[in-house]
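**Q** Fold the stuff below for me.
(one chain, ligands or ions: 2)
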Amino acid sequence: MSETQKLKVTLLAGGVGGAKMAEGLAALGNVELTIIGNIADDDNFHGLWVSPDIDTMTYTLSGRINRQQGWGLADEGTRALDILTTLGQDTWMMLGDKDFGLHIYRTMRRARGDRPTDIAADVAEAFGVKPRILLPTDDRVQTRVKTEKGWLSFQEYFVREKCAPTVEALELKGIEDATATPEALAAIASADLLVIAPSNPLVSIEPILAVKGIRDAVKEARVPRIAVSPLIAGKVVKGSADRMMTALGMRADAVGVAAHYAGLIDVLLIDHQDSVLAEEIAGLEIQTHRDDILMKDAEDKARLARVVVDLGLKLAADKDQNGAAA
Ligand code: GDP
Ligand code: CA
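**A** Ligands and ions are numbered 1, 2, ... in the order given. The predicted structure follows:
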């Protein structure tokens with residue numbers, strides 16, 4: 001592929017796991033990366049609109065992320081939050097001093113009536129992010145989690161309750177009225193390769209796919225579609241996807257991930273440790289490719305991204321050959 005002819009990769013991604021994959025793909029010289037992020041974790045805190053997964057993506061791709069945590073800005077403070085605590089506010093949601101600046105800006109622009117898609121793009125540009133960060137919808141969609149403690153907002157479940165309560169049901173509030181952004185649909189339709197990041201299938205990827213028009217666009221895509229499993233040997237690297245899947249009657253392993261993406265992907269990238277699951281996954285009409293899929297550092301991310309892209313190029317060549325033979 002020549003310098004000018006980059007491979008157009010569109011990545012569906014949540015927060016931390018999604019940003020790791022995005023970072024790897026962004027490091028490849030022959031890839032033009034577009035990300036469709038998750039907005040269903042968004043919520044209002046202290047009068048400000050906070051968009052955790054989109055911010056994790058922006059902070060990661062701008063190199064300003066707190067590397068130890070995987071979210072939030074590096075070199076942060078809690079002075080603003082301390083004042084809110086003094087004022088008697090609930091401050092379980094960690095929002096850093098610098099982070100607050102972005103939430104103020106986002107809230108101001110939304111109050112002005114600007115499209116959330118444009119705000120996210122302007123923030124990414126101002127932060128020096130090269131890949132495009134798109135939103136699946138400009139409408140409000142919020143994940144709600146039913147637990148033994150009743151219905152919780154996603155951040156109440158994830159941050160305040162630290163994923164401890166057993167999940168009984170999930171709901172996407174607002175999904176019926178949400179329409180896909182033309183940018184997201186175009187990014188799926190014009191991609192050379194579609195990738196689903198190793199993000200939580202139920203609360204990071206599902207809220208993207210569930211937006212009217214998006215799942216169908218992925219289904220209809222004629223280009224290779226590859227997902228990377230967020231589960232390795234039946235366990236998450238971080239978070240609660242495994243427990244959530246078990247609680248909701250799914251298998252908490254790569255087979256459960258494959259079943260969830262059946263009809264949407266051609267290949268699931270699984271870990272070497274999960275080789276024994278390949279046959280079962282094949283039964284779902286999904287091929288598997290085995291590799292080390294744990295990303296510990298920048299090299300791991302770039303290496304895994306290279307594996308995904310090479311696999312995509314090989315699948316595209318195979319499709320071409322089959323097309324020519326038919
Ligand atoms: P969140 O929105 O911040 O919770 O993050 P995501 O939904 O994007 O990603 C969470 C998922 O990423 C979890 O299920 C993790 O198991 C998965 N994950 C995190 N790091 C890695 C990794 O290095 N490799 C793989 N395969 N999965 C990972
Ligand atoms: Ca998230």
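**Q** Please make it C-alpha for all contacts and neighbour counts, starting now.
**A** Noted.
**Q** What segments of the stretch 101-250 of the chain are helices?
**A** Ranges of helices in the stretch 101-250 of the chain, per DSSP state H, counting those that start in this stretch, are 116-126, 154-155, 182-189, 206-209, 214-220, 241-247.
**Q** Please work out which of these is packed deepest.
**A** The highest mean neighbour count among the helices of the stretch 101-250 of the chain, using mean count of other CA atoms under 10 Å, belongs to helix 206-209: a mean of 24.
**Q** and that helix, average pLDDT?
**A** With pLDDT averaged residue by residue, helix 206-209 scores 98.
**Q** How far does it sit from its chain's centre?
**A** On the basis of CA atoms, centre = their mean, to the nearest Å, the separation between the geometric centre of helix 206-209 and that of its chain is 9 Å.
**Q** Export only the CA atoms of it, formatted as CSV.
**A** What follows is the C-alpha trace of helix 206-209 in CSV, where atoms were taken according to Å, rounded to 0.1, in the frame of the first residue of the first chain:
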residue,chain,number,x,y,z
GLU,A,206,-23.9,-2.9,22.7
PRO,A,207,-24.9,0.8,23.2
ILE,A,208,-23.1,1.6,19.9
LEU,A,209,-24.6,-1.3,18.0
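**Q** Does that helix reach ligand 2?
**A** No. Shown here: helix 206-209 not in contact with ligand 2 (CA under 5 Å from the ion), separated by at least 10.4 Å.
**Q** same for that helix, what does it pack against?
**A** For helix 206-209, the packing partners by 3 or more CA pairs under 8 Å, 6 or more residues apart in numbering; DSSP states H and E come out as none at all, with no helix or strand in contact.
**Q** what's around residue 83, how many residues?
**A** If you count neighbours by other CA atoms under 10 Å, residue 83 ends up with 12.
**Q** Could you look up the SS state of it?
**A** Reducing the assignment at residue 83 to three states with DSSP: H, G, I helix; E, B strand; the rest coil gives helix.
**Q** per-residue pLDDT, it?
**A** On the pLDDT scale, residue 83 is placed at 98.
**Q** ok, now which ones touch the residue of the stretch 151-300 of the chain found nearest ligand 2?
**A** Among the residues of the stretch 151-300 of the chain, residue 204 lies closest to ligand 2, at 5.7 Å counting by CA to the ion. Residues in contact with residue 204 (CA atoms under 8 Å, 6 or more residues apart in numbering) are 13, 14, 15, 38, 40.
**Q** try 10 Å this time
**A** The contact partners of residue 204, by CA atoms under 10 Å, 6 or more residues apart in numbering, come to 12-15, 17-18, 37-41, 53, 143, 197-198, 241.
**Q** Narrow these to those in strands?
**A** Here DSSP state E is the test, and these give 12, 143 as lying in strands.
**Q** can you narrow the contacts of residue 204 to ones near ligand 2?
**A** 15, 53.
**Q** how about the helix ranked longest in the chain, does it reach ligand 1?
**A** Among the elements of the chain assigned as helix by DSSP state H, the one spanning the most residues is helix 298-325. No. Using CA under 6 Å from any ligand atom, helix 298-325 stays clear of ligand 1, with a minimum separation of 7.8 Å.
**Q** Point out the other helices and strands that that helix packs with.
**A** In this structure, helix 298-325 makes packing contacts with strand 7-12, helix 16-26, strand 31-36, strand 193-196, strand 225-228, strand 267-271, strand 287-291, judged by 3 or more CA pairs under 10 Å, 6 or more residues apart in numbering; DSSP states H and E.
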